[in-house]
Every structure is written in C-alpha cells, then in structure tokens.
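Q: Using only what follows, build the 3D model:
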Amino acid sequence: QVQLVESGGGLAQAGGSLRLSCAASGRTFSSNAMGWFRQAPGKEREFVGNIRWSGGSTSYADSVKGRFTISRDNAKNTVYLQMNSLKPEDTAVYYCASGRDLPDGSYEYDYWGQGTQVTVSS
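A: Take a look at the predicted model:
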C-alpha cells in the first residue's frame, strides 16, 4: 500500500498563493505518478493536474493552467502543488493520489490522501 498525507491547506485571499504538500510512504515504487484532485461542495471531484515521478512531466486542467504548478522531490517522496493567483472558485478540498500506468497511457489512481481544505475569500 501507499500512504499519502497532504498538508498546507488553509485560507487565502483572492489573488494570493498557497502551497500544498503530499508526502508518500509505503510501497512508493508501485507509483508512477501523483495526481492532484479537488472537490468543491455540491460538485463532483475534478482533476487538477499530475506529475510523473520519473522525468517530472506534468499535465494540468485548463482551469488551473498558468496559475498552478506541480513539482516533486523524489528523495523525499513528496509532491507539491503551488497555487498562485487564487480565485474563490478554487475553494475545495484538495486530494493527492498515487497513480499507476495503464496500457492506454492513462493512470489508475488507487491510493488517496485524506484531503486538505483550501478556502479562497473574495
């Protein structure tokens, strides 16, 4: 199993910044990538972005592209989500997840963190 612990959530003003961390432990060798997701009240969980452990390639949802940046520290088994130019609509619980490669090039996210609340005030 892979254990994931998020930290760094909190309250920010619109236009401000926050950085989330996700520390992985356990069978991390089974993880090919880490994803960030979010879920706002009354809405479905949505993809924010992901990063591969090897090579560091990233992808982002259009809604956060240019404002959010995902990075990783392989030595610490930790990934980060730097969120800049925050908007009230970024308010959500943010989750990190461990992903395994699938044959079609996508990921299966099979381990999830507990989530951390991000609230952006206008």
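
Q: Torsion angles phi and psi at the residue most central in space within the chain?
A: Nearest to the mean C-alpha position of the chain, by Cα atoms, centre = their mean, lies residue 36 at 2.3 Å. Backbone torsions for residue 36, taken as degrees, to the nearest 10, come to phi -120, psi 130.

Q: what sits against it?
A: 20, 22, 47-50, 70, 79, 81, 94-97 (Cβ atoms under 8 Å, 6 or more residues apart in numbering). For glycine as for every other residue, the C-beta is placed from the backbone atoms N, C-alpha and C.

Q: what are the C-alpha coordinates of the host helix or strand of residue 51, in PDB please?
A: Element membership for residue 51, per DSSP states H and E: strand 46-52. Written as PDB, here are the backbone C-alpha positions of strand 46-52 (Å, rounded to 0.1, in the frame of the first residue of the first chain):
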ATOM      1  CA  GLU A  46     -12.300  17.100 -10.600                       C
ATOM      2  CA  PHE A  47      -8.800  16.600 -11.900                       C
ATOM      3  CA  VAL A  48      -6.300  19.400 -11.200                       C
ATOM      4  CA  GLY A  49      -3.000  18.000 -12.500                       C
ATOM      5  CA  ASN A  50      -0.400  15.300 -12.300                       C
ATOM      6  CA  ILE A  51       3.300  14.700 -12.400                       C
ATOM      7  CA  ARG A  52       5.300  11.600 -13.200                       C
END
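
Q: Alright, calling it a day.
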